[in-house]
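> coordinates for the following, if possible.
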Amino acid sequence: MKKKLQTTIAAVTLNPALDQTVYCDTFQLGQVNRVSRDRFDAGGKGINVAKVITALGCTATVTGFLGRDNSQFFKRFFQNKQIHDRFVEVEGATRVNIKIVDESNGLVSEINFPGLNCSQADCERLQEVVRQLAADHELFILAGSLPQGASGAIYQEFIKVLNQYGCKVFLDASGNALAEGIKAGPYAIKPNLPELSQLVGRQLRNDAELLKAVNELLAGGIQQVVVSLGERGALAASRDEQWIVRPPKVKVGSTVGAGDAMVAGLAVGEVRGLPLAERVRLGTAAAAASVAQPGTQAASQADVTTLLDYVQIVKQEDNHENRGLIE
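As a prediction, this is how the structure comes out:
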């Protein structure tokens, strides 16, 4: 097997989107709302991750499904951002998702469409691309929802292939896609609190219940669990250590893609060989810098670096009050 590309990360987006972000001075349900400005961004979780990976100075390859009818928008974006494109094109158009920003209060309302309809043959073509990339990519990120026609176990199938090649897999999904995917033993997962609650099948009402759920996943074979907690930060855990992370305060431009930026920072830290504490510090700074941007565009490496020193991080065992995660 040839040597893997140590700085190259592959991001898989099965259900990408063309994100239209519209800004309103105020947004009122059931009323005529005037748009002050808008923007279009190539989106979908894995694509958002790849934007940040590239901004942080690593090389990113993207794959997944794109609709032929509007694939050129994405291809121009990948070329401009120097992201390597290995997408599989299928019939139809990639969905357009709408993000409505109410500038009076910063709230974002999202309208997400179901996405492409892919065939079994399309899924087999994509699996072959994943297998090809596994030969020379060290780390894979499988991110986002599943398109119509894809098996609920497709992430599980991909992880099995990638594990055969010794690749590290970050799985960032929810619902059945996450539940089926973890059966194949990904290296890391990054659920938010509702996704984690759904995964373990019970409400996580306090810090003790959160830590118990995380430890169950680690005992089941996952090596790294990062639970994003919104403005409260994150809990990052491996079998050997657990860290509580607090993000710096930033002026909010858009919260869309913040979790994807965190995954990108974690992945970049992983391929650079950083310890867990510094990986999650980088991920949290990347997420905070992302929140300060409009739409789903990536912050610059300089923006992320500026915020690194403002990320607060403490070892869980040193958090003597053992409170403040979700309580």
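
> quick check, central residue of the chain?
In the chain, the residue lying closest to the centroid (Cα atoms, centre = their mean) is residue 260, at 3.1 Å.

> contacting residues for that one?
By Cβ atoms under 8 Å, 6 or more residues apart in numbering, residue 260 lies in contact with 45, 48-49, 52, 143, 172, 290, 296. Every C-beta, even on glycine, is put in place using the N, C-alpha and C of the backbone.

> mind checking which of the residues you listed are in strands?
If you go by DSSP state E, the contacts of residue 260 have 143, 172 in strands.

> are we agreed that the residue nearest to the centre of the chain is in a helix?
Yes. Membership of residue 260 in a helix is supported by DSSP: H, G, I helix; E, B strand; the rest coil.

> what's the closest non-adjacent residue to it?
Nearest non-adjacent residue to residue 260, counting by Cβ to Cβ, 6 or more residues apart in numbering: residue 48, 3.7 Å away.

> again with residue 290
Closest residue to residue 290 apart from its sequence neighbours, by Cβ to Cβ, 6+ apart: residue 261 at 3.7 Å.

> surely the one you found touches residue 298?
Yes. Counting by Cβ atoms under 8 Å, residue 298 is a contact partner of residue 261 at 7.2 Å.

> identify the contacts common to those two.
The overlap between the contact sets of residue 261 and residue 298 (Cβ under 8 Å, 6+ apart) consists of 48, 52, 290.

> any weak-confidence spans in the stretch 151-300 of the chain?
The model of the stretch 151-300 of the chain has pLDDT under 70 over residues 253-256, 294-296.

> where exactly do the strands run in it?
Along the stretch 151-300 of the chain, the segments classed as strands by DSSP state E, counting those that start in this stretch run 168-172, 188-189, 224-228, 234-237, 242-246.

> residue 122: which of those strands is closest?
With Cβ to Cβ as the criterion, residue 122 lies closest to strand 168-172 of the strands of the stretch 151-300 of the chain, at 20.9 Å.

> what is the burial count for residue 218?
16 (other Cβ atoms under 10 Å).

> show me what contacts it?
225, 237-239.

> so where do the helices sit in the stretch 201-327 of the chain?
Per DSSP state H, counting those that start in this stretch, the stretch 201-327 of the chain carries helices over the ranges 207-219, 258-271, 276-291, 301-308.
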